[in-house]
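*Asks:* structure for this input, please:
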Amino acid sequence: MKLVITMSRRYGTGASIIANELSKRLQIPVYDKADIEQGLAENDYKTEEAAIRKLAEEPCIILGRCASEILKDKRNAFNIYVCADKEDRIKRIMGKESLSYEEAKEKVEKTDIERADYYHEHTGRAWGDVNNYHMILDTTKLGIENCADILMKYFERMEYI
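*Replies:* Numbering: from 1, shown residues only. Okay, here's the model as predicted:
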């Protein structure tokens, strides 16, 4: 199966770490906002949706950009939502970006609002609604380092890979 993984995530959950680990293990690329915007600039795609559909013609991991909704009709798409406790996300952002607690808290809250608004604007649906995803991973409970293992075992068991 040409597995396409979409990964929606709250800011500061470590989802990009999980995506990069899966990318290595599955030997497939990861695409994020910058990659999709670059694809728009370099190709004749009229919309992000067209760029995402083109990328999804081959196995890949797509971070955000409403890819779960755009690819909902694809049988080979597996939609994941990554969450974590707010305090963990704040601490992760403090360390990653050398911010104070208040600065990181403000950035987490602002980014969550922006992502929720973006998702709703482009899909009409609620961001993070469990009904929009095949699997929810809570990195606070599971640990970032365990999530790629969990996904790989699941993909193998379901014979996706």
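
*Asks:* residue ranges for the helices of the protein, please.
*Replies:* Across the chain, reading from the start of the chain, the helices by DSSP state H fall at 15-26, 33-42, 48-55, 67-70, 86-97, 101-123, 139-142, 144-157.

*Asks:* next, the angle helix 48-55 makes with the second one.
*Replies:* Inter-element angle recorded for helix 33-42 and helix 48-55: 100 degrees (by axes from the mean of the first three to the mean of the last three Cα atoms, to 10 degrees).

*Asks:* Cys147 - how many residues pack around it?
*Replies:* When neighbours are counted by other Cβ atoms under 10 Å, Cys147 registers 24. (Each C-beta comes from the backbone N, C-alpha and C, glycine too.)

*Asks:* was I right about it contacting Asp138?
*Replies:* No - taking contact to mean Cβ atoms under 8 Å, the distance of 9.1 Å between Cys147 and Asp138 leaves them out of contact.

*Asks:* roughly how far apart are Gly143 and Gly64?
*Replies:* In this structure, Gly143 and Gly64 are separated by 22 Å, where distance is defined by Cβ to Cβ, to the nearest Å.

*Asks:* sorry, that was for Lys54
*Replies:* Taken as Cβ to Cβ, the spacing of Lys54 relative to Gly64 amounts to 17 Å.

*Asks:* next: Ser23.
*Replies:* As judged by Cβ to Cβ, Ser23 and Gly64 stand 15 Å apart.
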